[in-house]
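Asks: Need the 3D shape of this:
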Amino acid sequence: MGQTQARLSSTDVVVVLRSARGSSPDPRLDDVLKAFRRQWSAIARKRFPRLGDDLDDALQEAMMKLTDPHRLDTLRDPTRIEAWGRSLFVYTVFDFMRVERSHAAARDRPAGGHDEDGDEEAIEELLSSGTWGPEEIATHQQRVQLIVGCIDGIEVARLKFVEDLPDNEIAARCNLTRDGVAGQLKRIRKRVRSVLEASDRIAGGRESLSRGESG
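Replies: Sure, this is the predicted structure:
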């Protein structure tokens, strides 16, 4: 993260972020947050130009998550704080985009229509599938965590969905063929889709049981 990263070790950055909710925040906190904000803003300009006026809100929400001590507890490797922060911001953006897409889908999708892109479907599209009501929106973070769990530790997935690198560059970095990368991504997407569908079935079963008990 530029000069701030050069001055502070990754462990120091985590310590500084943890101080944000305390009574005496680290004096370096402002510089650290500005560094994250600059990096995230650059990502948004490149990858999410349609975010528009929602960018400031997405940045602010991601900053709140970044300094949440409970979220920081999930960071197992402090040396990955920068990549972890990028993932956190990207998924926050997906939240904003999903809401907008669900509104657009409600306006534009024909009754009973279904849009399916198969294995080419991006991870972010899995987050925004269907028309969600208030309860689904409230549980969206659980879906995000399921996806993170599916791709955690898989370098090909990180390079594709966080770094947004093309398949040929991923192949070079991971010493794979381009077909090998495509095959891994296909399996990852299939796994994510399967996990989300299973989660939806469980949630649906609970709702049915709840309705039966109340009936």
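
Asks: Now do the helices in the protein.
Replies: When secondary structure is read from DSSP state H, the chain shows helices at 2-7, 10-18, 29-47, 55-66, 69-72, 81-108, 123-127, 134-138, 140-151, 155-161, 167-174, 178-214.

Asks: Touching, residue 181 and residue 172? I think so.
Replies: No. With contact defined as CB atoms under 8 Å, residue 181 and residue 172 do not form a contacting pair (9.7 Å). For every residue, glycine as well, the C-beta is placed using N, CA and C.

Asks: Model confidence for residue 49, exactly?
Replies: Confidence at residue 49, expressed as pLDDT, is 84.

Asks: tell me the domain ranges of this protein?
Replies: Using automatic domain parsing, the domain ranges for the chain come out as 1-108, 123-215.

Asks: Adding mean neighbour count, write those out as CSV.
Replies: Conversion of those to CSV gives the following (neighbours: other CB atoms under 10 Å):
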stretch, mean neighbour count
domain 1-108, 16
domain 123-215, 14
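
Asks: worst average pLDDT in those domains?
Replies: Going by mean pLDDT, the lowest-scoring of the domains of the chain is domain 123-215, which has a mean of 69.

Asks: Which residues are in contact with residue 40?
Replies: Taking CB atoms under 8 Å, 6 or more residues apart in numbering as the contact definition, residue 40 lies against 59, 62, 85-86, 89.

Asks: Now the two most distant members of these.
Replies: Within the contacts of residue 40, 59 and 86 form the most distant pair, 12.7 Å apart (CB to CB).

Asks: Could you pull up the residues touching the nearest residue to residue 167 once chain neighbours are set aside?
Replies: Once its chain neighbours are removed from consideration, residue 167 has its nearest residue in residue 181; the separation is 4.9 Å (CB to CB, 6 or more residues apart in numbering). Taking CB under 8 Å, 6+ apart as the criterion, residue 181 is in contact with 156, 167, 170-171, 174.

Asks: what do you get if the cut-off is 10 Å, keeping everything else the same?
Replies: Under the criterion of CB atoms under 10 Å, 6 or more residues apart in numbering, the neighbours of residue 181 are 156, 159-160, 165-174.

Asks: could these go into CSV alongside distance to residue 27?
Replies: Shown next, in CSV, are the contacts of residue 181 (distance: CB to CB, whole Å):
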residue, distance to residue 27
156, 40
159, 35
160, 38
165, 36
166, 41
167, 44
168, 44
169, 39
170, 39
171, 44
172, 42
173, 37
174, 40
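
Asks: Residue 22: which of the residues you listed is nearest?
Replies: Closest approach between these and residue 22, by CB to CB: residue 159, at 35.0 Å.

Asks: Isn't that closest one up against residue 86?
Replies: No. Under the criterion of CB atoms under 10 Å, residue 159 makes no contact with residue 86, lying 11.8 Å away.

Asks: ok so, going back, how near is the residue nearest to residue 167 to residue 28?
Replies: Using CB to CB, to the nearest Å, residue 181 is found at 39 Å from residue 28.

Asks: repeat for residue 77
Replies: Distance from residue 77 to residue 28, counting by CB to CB: 21 Å.

Asks: can you check residue 51 too?
Replies: With the distance defined as CB to CB, residue 51 ends up 29 Å from residue 28.

Asks: next one: residue 7
Replies: Plainly put, residue 7 is 8 Å away from residue 28 if you go by CB to CB.

Asks: list residues touching both of these two?
Replies: In contact with both residue 7 and residue 28: residue 13, using CB under 10 Å, 6+ apart.
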